[in-house]
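A.B. asks: what's the 3D shape of this:
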Amino acid sequence: MNLQISGHHLEVTPAIRDYVTGKLERVTRHFDHVIDVNVILTVEKLKQKAEVTVHVRGKDIFVEADDGDLYAAIDILVDKLDRQVQKYKQKVQDHHRSDKAAARTLAE
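C.D. replies: This next block holds a predicted model:
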């Protein structure tokens, strides 16, 4: 998994980088076929914004979240991303099951 973290109007400190990396481990624990992850952290006046694009085979998953605190925005972002990845994983598994079931019925 390639991880790229960048900041707009923000310096990405090692503490922020470690926090994001630690949170994204939860996503890779549920689905290990992640190719690329691009994280953009932005500061706009009173709003802290976090965006992530996860590239998996056949699809890009984009999620964004904003909050008054950057760490809270990252937490919200990871929760949303985790739900999206689990939904994608379920969809992929369902398609594979239906293909195998159809092949079995054709073979019989």
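A.B. asks: contacts for the helix or strand containing T53?
C.D. replies: Assigned by DSSP states H and E, T53 falls within strand 47-56. With contacts defined as Cβ atoms under 8 Å, 6 or more residues apart in numbering, strand 47-56 is touched by 27, 31, 33-43, 60-70, 72-74, 76-77, 81, 85, 88. C-beta: built from backbone N, CA, C; applies to glycine.
A.B. asks: Narrow these to those that are buried.
C.D. replies: Neighbour-count burial (16 or more other Cβ atoms under 10 Å) applied to these gives 27, 31, 34, 37-42, 61, 63-67, 70, 73-74, 76-77, 81, 85, 88.
A.B. asks: And the strands in this protein?
C.D. replies: 2-8, 34-44, 47-56, 59-67 (DSSP state E).
A.B. asks: will you turn those strands into TSV that also has mean pLDDT and distance to Q93?
C.D. replies: As requested, the strands of the chain are exported to TSV (pLDDT from 0 to 100; distance: least, Cβ to Cβ, whole Å):
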stretch	mean pLDDT	distance to Q93
strand 2-8	93	24
strand 34-44	93	16
strand 47-56	94	13
strand 59-67	94	14
